[in-house]
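Trainee: Dropping the sequence and predicted coords here.
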Amino acid sequence: MVTRSRLVRVLQSSGRRMGAIGSARLAPCHAISPARCFATSAPRLLSQSQAVQHLAKLTSETYPGLTRDAKYASLTADDVAYFKDLLGGEQAVIDGTTGGAEDDLKPFNEDWMHKYRGQGRLVLKPASTEDVSQILKYCNERKLAVVPQGGNTGLVGGSVPIFDEIVINMSRMNQIHSFDEVSGSLVLDAGCILEVADQYLAERGYIFPLDLGAKGSCHVGGTVATNAGGLRLLRYGSLHGNVLGMEAVLPDGTVMNDLCALRKNNTGYDLKQLFIGGEGTIGIITKLVIQCPQRSAAVNVAYFGLESYEKAQLAFREAKKQLGEILSAFELMDSRTQQIVHKIKGEERPLEGDHPFYCLIETSGSNGDHDYEKLEKFLEDVLTKEIVVDGVVAQGEGQAKALWSWRESITECIGHGGGVYKYDVSIPLAEMYSLVEDVKARMGEAGLIGETEEHPVSAVVGYGHMGDSNLHLNVAVRRYDAKVEEALEPFVYEWIEKRNGSISAEHGLGLAKKKYVQYSRNETVIGLMKQIKKLYDPCSNERPFCQNCISSGRTCEGYERERVFITGTPETKGRVASHPKKTTPSKKPKASPSPSVKASDEPGSSSSSIFSGPQLFQPLAPLTSAWDDYVRLTPGGQGGTGFPALITALQTNLQSVARLEAAVGGECGGDGSAAGLLSAIQFPPYAAAELLPVADDAFGMNAQCFVRQKATNSEHDSTESYCAFLFEMSIALLSRRDTFLRAPEWTTIPWDQHPKSALDQLFDIILQLPAIFEQMDRIIHLQATLARRTQAQELLHHCLVVEAQFRQWLQEAYRGTEEHPYPFWAEELRSPGGAIPFANAYTFKDGVTGLMFVYYWMAMIPFHRCIEHIHMAIFQPVVDAYPNMWPELPPNLQIDPAHYQDGRELAANICRGLDSALNSTVQPDLLLGPMTVAMDFYRDVNAASQDGVLEILWLDGFKKRLWAKAQAVTSVLQAHKWSEVAKF
């Protein structure tokens, strides 16, 4: 050991630099073992740790919010037989479906920290890329969930199953194929163990550009899939720069062969970068080409003690300044980590006494004399400046390995007391260790940390790679405890977000951090990542509780909100049911309504039409359904009372329901259980003014189609099924109140599983407006006080955020295609109604586009008026703020009010587009909202200035055309039974 005073004297009195360093590396006072870090594989820990001898709690029990996705099938005996025939031999397949293989499955179901445990019953060990391809192709067709697995040394639960996923373990794909000793390119399988590859390279004078404490167990493919950083990142950079080529298998079994061994290949997108850090979500890496540098001839390791984190920062700054190109590692450890390693390993510590912080420095170069000289100057400088208190320099490779073990052993030793909550984060260097101190204080305030068994937390420690601002925050616990988790999350992630850090520096997201990604990524980036995921692993059928697409092998086309888009029950909260359209011959219209559909005797029934004007449209061909089957809805999708729901795409204003006691036999799956349960629909004449909610709507839903059905195993009408239209959104916008459609269960499920159309994206933004309008109405009626101004400024900020979303949407919506360069264009109006005052009507490329832009203009009129009113409220003089009666807005809230005085232009756009939208839709009631907004605008103009008369007359004419179109649609529907229209 070298003390500070002795090392300084040696450096100052030496006349020969190499000799000085040699003498400074005094023979240690104790034997230093050259042993490497413990292995971090699961079997090793199961035998070493005395604190965890029982099975870990099932992940599904630890996270009760996780539910098995119903779209995935369950394993069958035929599936297992196929895999055994494909891979051959019992060593390639661990079959637990018939029992008796629990012990064999254990290391594949449980992570090495004993924190996550799945319920997988089958492990597959492919030996080639072709094997992986066949496995994924079969699983994709059968809808079997899989999880790729390397050495299972991950820390975030990403390498083990949650439920009964099939584990694809890569351990048999472990061959090194070739190595170019001139260029340094290494071609190897993804299942190669990192340490084996590094030893292979060492024999040839090269080094693997990545080094980890788990090198004895981790697979190269797994480190690439998680973009592991490790101990050599400071010198050699990340894997994004060191991976030259890659072979991977996509979820459908397609093999992507990009095994390029060249450093320059500028021929399009560098797709392999998506797999680096992708954690296996878009494919399984099977083979890699790695650029490996030459192994340095001169390697030096120094281990220092420091009095504060500020001194550690100074030491790092001086190391970069003075050691420069030969600095290969700079590791930080706090005092508690070294105490724990000493306690577990039982070895004498490298330095006498205890210091608050320790750092380990490694230099590597090709010129021994040059490196010694630079290191000598650095040591003399930091000791003289009292940056470093004490230190030791390794003398020989054995001592260097022993010093490294004090850093590499932390990961395993920290978990010997029970368990560990691990956080791998990136934080600006100046505040990096502050997170450890704040978490430790939080644990103390909560009474969770202490020396007794009553306290679940035994220690809060920090260590990591100071060279790249990567901190490993570890909370060592005697047992996993919900109170500890509540104290840690989301506190840690919020702390990091405030400092613009990253919640995952090198371990990945896995299961542990998946739901917290928004703390490091914004909505745009997350959306792009989801699109990439869907591109590589598309939804072939993600319709809840439906087997028709799966059975027929058809591709799910998603859904369109222009149709009936929600079908379900209040108990199941309704779910989108999407099916591909099926082309069928059009039915001939019947001459008279079906006798099964009773005529209404109420005023305004179909027998006494209120529309007596000329029929401007020919009767439409009978509508066919967008979906062709029944769906059995069950609460939560798991057993219990079942309700058959008829999926349909009837596009009209359906306002009353009558019971149809007709036997339908086995149309609900062949079991006859739906007999007598269908509802027939009575069609009153269509009236555009009927904007009333259903009378017995107990759930606050202004539904246009209301269907009541009996439970399949009950005699009582205990459940109601709803089909909610876009009509609800229009009513919410006009009435300036929030709508149930904004609830998370309606806006996020199952749209995460379907690519949203531009129309869907627009409606998601519009749904934010009613709540804004409601808040604005409250603010403008308050007295002009400073508190009111503050509220108005906050609301203005919210409005500008929403406006930015509209602006981004509009840019995307205006993008054309090769067939249609523009989404709409102006033409001379040919439809009835006259050319005045809107001479150039818009023509849209399709009906959905027409509806989309008309709704956008409709939303902009009240939204821009709202921003105007908020701005006026902000600038209204505030007496109680004297002398600061006038506001000083920050730059992000400074707007030009004239920009929002475009109501006349927006209303004109609506009117110019209404006829085109009407001609292309069979759900004309959707145009009531835009028509009403435009009419109200021109009436306000007329009341204020006697202007707008021609526009009002034009809209009155359009209302008649809308009624005529609606009556034509209704006349077709009146002639058919519900069951005839709703199925093929």
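Mentor: Right, received. Where do you want to start?
Trainee: Give me the distance between residue 924 and residue 811.
Mentor: Per CB to CB, to the nearest Å, residue 924 is found 30 Å from residue 811. (Glycine included, C-beta is placed from N, CA and C.)
Trainee: no, scratch that, I was asking about residue 940
Mentor: 30 Å.
Trainee: Would you mind listing where the stretch 401-550 of the chain has pLDDT under the threshold?
Mentor: Scanning the stretch 401-550 of the chain for pLDDT under 70 picks out 538-550.
Trainee: where does residue 841 land in three-state SS?
Mentor: Here residue 841 is recorded as strand under DSSP: H, G, I helix; E, B strand; the rest coil.
Trainee: If you count surrounding residues, which of residue 940 and residue 811 has more?
Mentor: Each of residue 940 and residue 811 has its neighbours counted (other CB atoms under 10 Å); residue 940 has more, 13 against 9.
Trainee: where's the more buried one, which helix or strand?
Mentor: Residue 940 is part of helix 928-945, with elements assigned from DSSP states H and E.
Trainee: now do residue 353
Mentor: Here residue 353 is assigned to no helix or strand, by DSSP H and E.
Trainee: my guess is it meets residue 335, correct?
Mentor: No. Using CB atoms under 8 Å as the test, residue 353 is too far from residue 335 to be in contact (10.4 Å).
Trainee: Next, the contact list for residue 286, please.
Mentor: If you count contacts by CB atoms under 8 Å, 6 or more residues apart in numbering, residue 286 has them with 129, 132, 170, 173, 189, 190, 221, 247, 248, 249.
Trainee: and if we set it to 6 Å?
Mentor: 129, 132, 190, 247, 249 (CB atoms under 6 Å, 6 or more residues apart in numbering).
Trainee: who's in contact with whatever helix or strand residue 330 lives in?
Mentor: Per DSSP H and E, residue 330 falls inside strand 327-334. Here strand 327-334 makes contact (CB under 6 Å, 6+ apart) with 231, 234-235, 312, 316, 319, 357-364, 407, 461-464, 466-467.
Trainee: out of those, which are inside strands?
Mentor: Of those, the ones assigned to strands by DSSP state E are 357, 358, 359, 360, 361, 362, 363, 364, 461, 462, 463, 464.
Trainee: which of the residues you listed are buried?
Mentor: 357, 358, 359, 360, 361, 362, 363, 364, 461, 462, 463, 464 (16 or more other CB atoms under 10 Å).
Trainee: what residue ranges in the stretch 51-200 of the chain are flagged as low confidence?
Mentor: 51-55.
Trainee: One more pass at 90, please.
Mentor: 51-74, 76-78, 81, 88-92, 94-107, 109-121, 140-143, 151-160, 162-164 (pLDDT under 90).
Trainee: How is the protein partitioned into domains?
Mentor: Structural domains assigned to the chain are 57-172, 174-295, 299-532, 618-654+718-727, 740-822+837-978, following the TED database.
Trainee: Which residue is the nearest non-sequential neighbour of residue 483?
Mentor: Spatial nearest neighbour of residue 483, excluding adjacent residues (CB to CB, 6 or more residues apart in numbering): residue 448 at 6.3 Å.
Trainee: For that neighbour, which residues are in contact?
Mentor: Here residue 448 is in contact with 456, 457, 484 (CB under 6 Å, 6+ apart).
Trainee: can I assume residue 256 sits in a strand?
Mentor: Yes. Per three-state DSSP, residue 256 lies within a strand segment.
Trainee: Assess the claim that it and residue 246 are in contact.
Mentor: No. The criterion here is CB atoms under 6 Å, and residue 256 misses it with residue 246 at 7.6 Å.
Trainee: Looking at these two, which has the bigger crowd around it?
Mentor: residue 246 (26 against 18).
Trainee: Do you know the pLDDT at the nearest residue to the more buried one once chain neighbours are set aside?
Mentor: Nearest-residue entry for residue 246: residue 272, 4.1 Å, with adjacent residues in sequence omitted and distances by CB to CB, 6+ apart. pLDDT, residue 272: 91.
Trainee: what's the burial count for residue 272?
Mentor: 23.
Trainee: Next, work out how far apart it and residue 149 are.
Mentor: Noted for residue 272: a distance of 21 Å to residue 149, by CB to CB.
Trainee: and residue 206, what does it touch?
Mentor: For residue 206, the contact set (CB under 6 Å, 6+ apart) comprises 184, 292, 294, 295.
Trainee: Could you pull up phi and psi at the residue nearest to it when sequence neighbours are not counted?
Mentor: Closest residue to residue 206 in three dimensions, ignoring its sequence neighbours and counting by CB to CB, 6+ apart: residue 292, at 4.7 Å. The phi/psi pair for residue 292 (degrees, to the nearest 10) reads phi -110, psi 130.
Trainee: partners of the strand holding residue 330, with directions?
Mentor: Strands adjacent to strand 327-334 in the sheet, as given by DSSP bridges, are strand 357-365 (antiparallel), strand 457-465 (antiparallel).
Trainee: Mind checking the pLDDT average for that strand?
Mentor: Rounded mean pLDDT across strand 327-334 is 92.
Trainee: I'd like the next helix or strand past that strand.
Mentor: helix 335-345.
Trainee: That following helix: which residues count as buried?
Mentor: By 16+ other CB under 10 Å, the buried positions in helix 335-345 come out as 336, 337, 338, 340, 341, 342, 344, 345.
Trainee: go on, stretch 303-316?
Mentor: For stretch 303-316, the neighbour count (16+ other CB under 10 Å) marks 303, 304, 305, 306, 309, 311, 312, 313, 314, 315, 316 as buried.
Trainee: Please list the members of those residues that lie in helices.
Mentor: Cross-referencing those against helices under DSSP state H gives 309, 311, 312, 313, 314, 315, 316.
Trainee: Could you give the backbone dihedrals for residue 423?
Mentor: Backbone torsions of residue 423, given as degrees, to the nearest 10, read phi -130, psi 120.
Trainee: wait, doesn't it sit right on residue 473?
Mentor: Yes. If you go by CB under 6 Å, residue 423 and residue 473 touch, sitting 4.1 Å apart.
Trainee: For residue 921, give its distance to residue 113.
Mentor: Applying CB to CB to residue 921 and residue 113 gives a distance of 57 Å.
Trainee: Nearest residue to residue 475 in space, ignoring adjacent ones along the chain?
Mentor: residue 421 (4.1 Å).
Trainee: and the one you found, how far is that from residue 413?
Mentor: 16 Å.
Trainee: what helix or strand does residue 804 sit in?
Mentor: helix 786-813.
Trainee: Mind checking what secondary structure residue 474 has?
Mentor: strand.
Trainee: What's the local residue count around residue 83?
Mentor: Neighbours of residue 83 using other CB under 10 Å come to 24.
Trainee: Contact partners for it?
Mentor: 93, 124.
Trainee: Show me which parts of the helix or strand where it lies are buried, residue by residue.
Mentor: Assigned by DSSP H and E, residue 83 belongs to helix 77-87. By 16+ other CB under 10 Å, the buried positions in helix 77-87 come out as 79, 80, 83, 86, 87.
Trainee: Lovely, talk soon.
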